[in-house]
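Colleague: Could you work out the structure for the sequence below:
(one chain, ligands or ions: 1)
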Amino acid sequence: MTVPLLDLKAQHDGLRAELDVAIRRVVDSAHFILGPEVDAFERELASYSGCTHALGLSSGTDAILVALMALGVGPGDEVITSPNTFIATASCVARLGARCVFVDIDPSTCNLDPSLLERAITSKTRVVMPVHLFGQVADMDGVMAVARKHGLPVVEDAAQAIGAERNGARAGSMGTVGCLSFFPSKNLGAFGDAGAVVTRDPALWAKMKSLRVQGQEPKYFSKIVGGNFRLDALQAAVLRVKLPHLDAWTAARQRNAARYRQLFAARGIDPHLVRPTALQPITLPQEVPGGRHIYNQFSVRSSNRDALKKALSAQGIGNEVYYPLPMHLQECFAGWGGRVGDFPEAEAAANESLAIPIYPELSESMQREVVDAVMEFHRK
Ligand SMILES: Cc1ncc(COP(=O)(O)O)c(C=O)c1O
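Modeller: Reported below is the predicted structural model:
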């Protein structure tokens with residue numbers, strides 16, 4: 001049996017009639033950019049995210065860029081973030097002429113370790129940007145305590161974490177602004193690129209709204225330099241069909257995560273071990289108490305990751321490395337002077353992590369197949 005990493009066709013089959021109606025509604029209206037579909041989606045998204053305001057944007061990358069632009073990040077500034085993330089987190093900082101100051105991760109969550117945050121703050125620090133990797137909220141109590149003490153705004157990179165919670169608060173609602181991605185493989189995926197910011201700050205929202213349309217206010221009169229960061233009405237219409245189903249999909253992902261834990265535990269794996277050892281060469285992702293992990297990814301750690309990846313791929317089992325090279329070692333950021341050894345936990349995660357299928361429609365027999373394949377590999 002082959003097991004894909006993600007099966008969007010299975011998701012869409014159940015929604016086809018609703019999607020057809022929504023797409024036809026936009027085609028019939030001939031209103032393709034921003035407009036009533038986007039307005040309605042923004043209201044629904046703000047409510048879902050526990051925020052007062054949302055803004056539909058062209059991608060998750062542009063959401064980060066717009067948030068940083070609105071907060072005035074520019075040349076000479078520093079933004080503190082995690083080295084264990086997708087390139088967009090750091091590249092938006094670089095595009096504004098600022099630089100990232102990285103802080104190593106907590107190995108149990110692979111998210112920024114707030115106990116290391118304060119010592120990274122300098123007079124140039126402009127923003128703190130935690131990343132809620134794989135759908136689990138970073139330690140926001142710890143991050144916010146340090147950020148508040150130093151009067152720093154917090155941009156949550158919640159691209160992978162829509163609906164995730166920590167102590168009852170939703171991803172994106174705890175910092176100054178939250179950035180979401182609706183890339184098709186995200187838990188709420190569009191039919192192309194799409195993203196959003198969510199916030200409780202009306203003035204910041206208004207500034208981001210202006211940046212979205214080239215800083216024009218009114219049309220053809222720009223006080224600030226913005227860009228074309230608009231969300232298409234078709235994407236908003238698709239997202240509006242999907243949003244009411246998101247909690248059921250999240251519940252299915254959580255069920256699958258719990259099932260992986262049971263299946264691996266039945267094979268003698270301690271689900272609480274964080275890093276692989278000689279005795280237990282495979283470990284499972286950890287859930288923080290008081291959190292709502294939405295499992296955009298279920299990323300295991302293996303002491304022989306590259307060979308495990310090859311073995312799973314050879315058996316038709318979908319898998320992916322998130323992410324093979326931490327940000328401080330990316331060639332495009334060589335000018336920031338990062339060296340191997342600077343962030344040992346992020347580097348270990350990059351060498352050991354492997355995501356296995358977790359999507360909502362995954363069946364129990366498919367999960368058994370995945371667990372069998374992983375355990376078979378590690379027995380050899
Ligand atoms: C952590 C993180 N940040 C930012 C992004 C950028 O989002 P997008 O691909 O929608 O531009 C992604 C998604 O790919 C991501 O996973």
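Colleague: From now on I want contacts and neighbour counts done on CA atoms only, so please keep to that.
Modeller: Will do.
Colleague: Check the gap between the closest residue to residue 177 other than its chain neighbours and the ligand for me.
Modeller: Once flanking residues are discounted, residue 177 sits nearest to residue 199: 4.7 Å by CA to CA, 6 or more residues apart in numbering. Computed with CA to the nearest ligand atom, to the nearest Å, the distance linking residue 199 and the ligand is 17 Å.
Colleague: what residues are up against residue 199?
Modeller: By CA atoms under 8 Å, 6 or more residues apart in numbering, the contact set of residue 199 is 46, 51, 52, 53, 54, 172, 173, 176, 177, 178, 205.
Colleague: so how many other residues sit close to the last one?
Modeller: This means residue 205. 21 (other CA atoms under 10 Å).
Colleague: swap in the fifth one?
Modeller: Here the count is done by other CA under 10 Å, and residue 54 has 27 residues near it.
Colleague: wait, is it part of a strand?
Modeller: Yes - the assignment for residue 54 (DSSP: H, G, I helix; E, B strand; the rest coil) places it in a strand.
Colleague: Just the CA atoms of the helix or strand containing residue 265, as CSV, please.
Modeller: Secondary-structure assignment from DSSP states H and E places residue 265 in helix 246-266. C-alpha atoms of helix 246-266 as CSV (Å, rounded to 0.1, in the frame of the first residue of the first chain):
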residue,chain,number,x,y,z
LEU,A,246,-11.4,23.1,9.8
ASP,A,247,-12.1,22.0,13.4
ALA,A,248,-13.3,18.5,12.2
TRP,A,249,-10.1,18.2,10.1
THR,A,250,-8.0,19.3,13.1
ALA,A,251,-9.8,16.7,15.3
ALA,A,252,-8.9,14.0,12.7
ARG,A,253,-5.3,15.1,12.7
GLN,A,254,-5.2,14.9,16.5
ARG,A,255,-6.8,11.5,16.4
ASN,A,256,-4.1,10.3,14.0
ALA,A,257,-1.4,11.7,16.2
ALA,A,258,-2.8,9.9,19.2
ARG,A,259,-3.0,6.7,17.1
TYR,A,260,0.7,7.0,16.1
ARG,A,261,1.6,7.4,19.7
GLN,A,262,-0.3,4.2,20.6
LEU,A,263,1.0,2.2,17.7
PHE,A,264,4.6,3.2,18.4
ALA,A,265,4.2,2.7,22.1
ALA,A,266,2.9,-0.8,21.4
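Colleague: quick one: average pLDDT of that helix?
Modeller: Helix 246-266 comes out with an average pLDDT of 98.
Colleague: can you list contacts of it?
Modeller: So helix 246-266 is in contact with 187-188, 270-271, 284, 293-295, 298, 358-362, 364, 367-368, 371, going by CA under 8 Å, 6+ apart.
Colleague: Which one of the contacts of residue 199 is nearest to the ligand?
Modeller: Closest approach to the ligand among these (CA to the nearest ligand atom): residue 178, at 11.0 Å.
Colleague: can you confirm that closest one is in a strand?
Modeller: Yes - the assignment for residue 178 is a strand, going by three-state DSSP.
Colleague: OK, contacts around residue 198?
Modeller: Residue 198 makes contact with 45-46, 49, 51-55, 172-173, 177-180 under the criterion CA under 8 Å, 6+ apart.
Colleague: Compile these into a markdown table and extend it with columns for distance to residue 309 and pLDDT.
Modeller: As requested, those are exported to a markdown table (distance: CA to CA, whole Å; pLDDT from 0 to 100):
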| residue | distance to residue 309 | pLDDT |
| --- | --- | --- |
| 45 | 36 | 98 |
| 46 | 39 | 98 |
| 49 | 35 | 98 |
| 51 | 40 | 98 |
| 52 | 43 | 98 |
| 53 | 42 | 98 |
| 54 | 39 | 98 |
| 55 | 38 | 98 |
| 172 | 33 | 98 |
| 173 | 36 | 98 |
| 177 | 36 | 98 |
| 178 | 33 | 98 |
| 179 | 31 | 99 |
| 180 | 29 | 98 |
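Colleague: spatially speaking, which residue is in the middle of the protein?
Modeller: Central residue of the chain (CA atoms, centre = their mean): residue 160, 2.1 Å from the mean position.
Colleague: how close does it get to residue 47?
Modeller: To residue 47, residue 160 is 18 Å away according to CA to CA, to the nearest Å.
Colleague: sorry, back to before: who does the residue nearest to residue 177 bridge with?
Modeller: Counting by DSSP bridges, residue 199 forms beta bridges with residue 53, residue 177.
Colleague: can you give me the helices in this structure?
Modeller: 8-13, 16-29, 36-48, 60-70, 87-95, 140-149, 202-212, 233-242, 246-266, 305-314, 344-352, 364-379 (DSSP state H).
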